[in-house]
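sequence and predicted structure below; questions after.
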Amino acid sequence: MAVEFESTNRGCDRVSFKEALIRGQAPDRGLYTPVEVPRMGVSDLEGFSSMSYHEIARHLAMLFLEGEIPSEEVGRITREAYDFDVPIEHVFDSAYVMRLDRGPTASFKDFAARMMARLMSYFLGEDDSEALILTATSGDTGSAVANAFHGLENVRVVVLFPEKEVTGRQRRQMTTLGGNVSTISVDGKFDDCQALVKRAFSDSSLDSLRLSSANSINFGRLLPQSFYYVYAYSRLAGEGDEIVFSVPSGNFGDLMGGIVAREMGLPVKRFVVATNENDEFPEFLKTGVYKPLRPSRACISNAMNVGHPSNLARLFHVYGGWIDETGRVRENPDVEAMRGDLWAVSVSDDETRKTIKDAYERHGLLLEPHGAVGWKALVDYLASEGGALSVSLETADPAKFPEEIESLLGFEPELPDSLKGLDDLEENVTPLENDYDSLRKFLQTMR
Ligand SMILES: *Cc1c(COP(=O)(O)O)cnc(C)c1O
């Protein structure tokens, strides 16, 4: 039986995986979510301990893609997507850190983007059609997406970024790719880039370009984020063990990947939901009242500065509730059940900095701000709830935050190979006024 998807806003028909992937967002502005998550077989978990990462990924992906893509194709896709290490470091007792930062753009977003890009390219090729991925970025997502689609067939990518708001390194990660990746530097802010992209999506004169988005609400990005939870369990747990994961969270896509893994049958004892000072979710679990933060608070773990997590719609849905795209709660979820499964905590910037220092001095553990939020939350959890087999996720390479690490630890972390040599490559970028007509003219030349 093929897996079907429904919208969290409950206002449209069920669709296949392929449709959910190509459309991205549901027409009623809700998020596509599986009607029923397929479960792993009882013997699967045991078998995983002797499989490599990409083999586990293939096996889990097939639970969702049976009948939609041949197994050999999924095998090729996972092999190509996951050609890098996924190290798990022991820290103390039964507590570990899993590094999800070894992909080509050195953040965990590579896990999702690389798989989604290949799935899209496959499905478009099957229909002999093409799509243009149009996306706005404030930094990391754009480079992960551009890198993931680079060199694939049937897709072209246009990335808009705010000229003055991205670092030189972030810019070069996108502008030096070339080939099917075009970049536009906008004389404006990130919000302006997003507004331009939104207008393009609703402009019917561009219909023939088949614009598509690759943003974080796509289920095609969520599914691959369930694989590493199962992988960690396969490497660390014995028969019958339960495991705790601590997840540094912004839009809750990473966390939802974990929830999907649990629904597939992974024995997860608790998820520690670690936020920075954007504490709307920890507050919600405490009080039962949800108040989005507007505007969001600017913290050093900047990829988690989110005042209303988009994937909360999916999380509420899993617990029988309904929250719409504006952040309004239409139906309350089962908060008691949520409290049993999730342990949420907000970590301040001061605590984050102290954690980076402590973790290095006490355990030789090198963390960057996002991973430090996760680790601090896990340490708090273990102190409060007792020891457990547990894994905290490190979502970016510390080398991406040289100033912070240098000022706290006195040295600059070494740049990974994938980020070296960017300065020597040629940049290819089109500067654009913050003006929709200029963007439309640019896109029309791509027909
Ligand atoms: C995007 C991001 C996060 C937050 O992940 P969500 O899925 O949005 O919760 C955490 N750390 C880093 C480095 C990120 O890039």
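Good, I have the coordinates.

near the ligand, which residues of the stretch 101-250 of the chain?
Neighbours of the ligand within the stretch 101-250 of the chain, by CB under 6 Å from any ligand atom: 107, 109, 140, 248, 249, 250. (Glycine included, C-beta is placed from N, CA and C.)

nearest to residue 80, of these?
Nearest to residue 80 among these, counting by CB to CB, is residue 109 at 17.0 Å.

phi, psi for the closest one please.
Dihedral pair for residue 109: phi -60, psi -20, per degrees, to the nearest 10.

and residue 45, by the same measure?
phi -60, psi -40.

just list the residues touching it, thanks.
230, 233, 234, 265, 266 (CB atoms under 8 Å, 6 or more residues apart in numbering).

how near is the first one to the ligand?
Look at residue 230 and the ligand: by CB to the nearest ligand atom, to the nearest Å, they are 17 Å apart.

try the fourth one
From residue 265 across to the ligand, the span is 22 Å (CB to the nearest ligand atom).

contacts only, for that residue.
So residue 265 contacts 39, 40, 44, 45 (CB under 8 Å, 6+ apart).

which residue sits closest to the first one, ignoring its sequence neighbours?
On the basis of CB to CB, 6 or more residues apart in numbering, the spatially nearest residue to residue 39 that is not a chain neighbour turns out to be residue 265, at 4.7 Å.

what is the three-state secondary structure of the one you found?
coil (DSSP: H, G, I helix; E, B strand; the rest coil).

quick check: residue 189 touching residue 162?
Yes: Residue 189 sits in contact with residue 162 when judged by CB atoms under 8 Å, with a separation of 5.2 Å.

when the two are compared, which one has more neighbours?
residue 162 (21 against 15; other CB atoms under 10 Å).

so what's the residue most central in space within the chain up against?
When CA atoms, centre = their mean is applied to the chain, the residue found nearest the centroid is residue 109 (4.7 Å). If you count contacts by CB under 8 Å, 6+ apart, residue 109 has them with 103, 140, 141, 144, 145.

for the last one, the count of nearby residues, please.
The burial count assigned to residue 145 is 30, neighbours taken as other CB under 10 Å.

which pLDDT does the model give it?
The model reports residue 145 with a pLDDT of 92.

measure it to residue 79 for me?
As judged by CB to CB, to the nearest Å, residue 145 and residue 79 stand 21 Å apart.

with the second one instead?
Residue 140 sits 25 Å away from residue 79, taking CB to CB as the criterion.

more neighbours: these two, which one.
Neighbours per residue, other CB under 10 Å: of residue 140 and residue 79, the larger number sits with residue 140, 22 against 15.

give me the nearest residue to the more buried one, chain neighbours excluded.
That would be residue 107: by CB to CB, 6+ apart, it lies 5.2 Å from residue 140.

OK, contacts around that neighbour?
Residue 107 neighbours (CB under 8 Å, 6+ apart): 100, 101, 140, 144, 303, 395, 396, 397, 400.

contacting residues for the first one?
Contacts for residue 100 were tallied using CB under 8 Å, 6+ apart; they are 86, 107, 108, 111, 228, 393, 394, 395.

so the first one is in contact with residue 102, correct?
Yes: using CB under 8 Å as the test, residue 86 is close enough to residue 102 to be in contact (6.8 Å).

could you check the pLDDT of residue 34?
Looking at residue 34, the pLDDT reads 97.

wait, isn't it in contact with residue 2?
No: the pair residue 34 / residue 2 is not scored as a contact, 10.7 Å apart, by CB under 8 Å.

now do the phi/psi pair for residue 83.
phi -110, psi 30.

now it: how far from the ligand?
For residue 83, the distance to the ligand - CB to the nearest ligand atom - is 20 Å.

give me the element the closest residue to that residue other than its chain neighbours is part of.
With CB to CB, 6+ apart as the criterion, residue 83 has its nearest non-adjacent residue at 7.7 Å, and that residue is residue 54. Using DSSP states H and E, the secondary-structure element containing residue 54 is helix 53-65.

would you list every one of the strands in the stretch 1-150 of the chain?
Along the stretch 1-150 of the chain, counting by DSSP state E, counting those that start in this stretch, strands occupy 5-7, 32-34, 88-92, 95-99, 131-136.

got those as JSON lines, with mean neighbour count columns?
Conversion of the strands of the stretch 1-150 of the chain to JSON lines gives the following (neighbours: other CB atoms under 10 Å):
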{"stretch": "strand 5-7", "mean neighbour count": "22"}
{"stretch": "strand 32-34", "mean neighbour count": "22"}
{"stretch": "strand 88-92", "mean neighbour count": "15"}
{"stretch": "strand 95-99", "mean neighbour count": "22"}
{"stretch": "strand 131-136", "mean neighbour count": "22"}
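
which of those strands comes out lowest on mean pLDDT?
strand 131-136 (a mean of 91).
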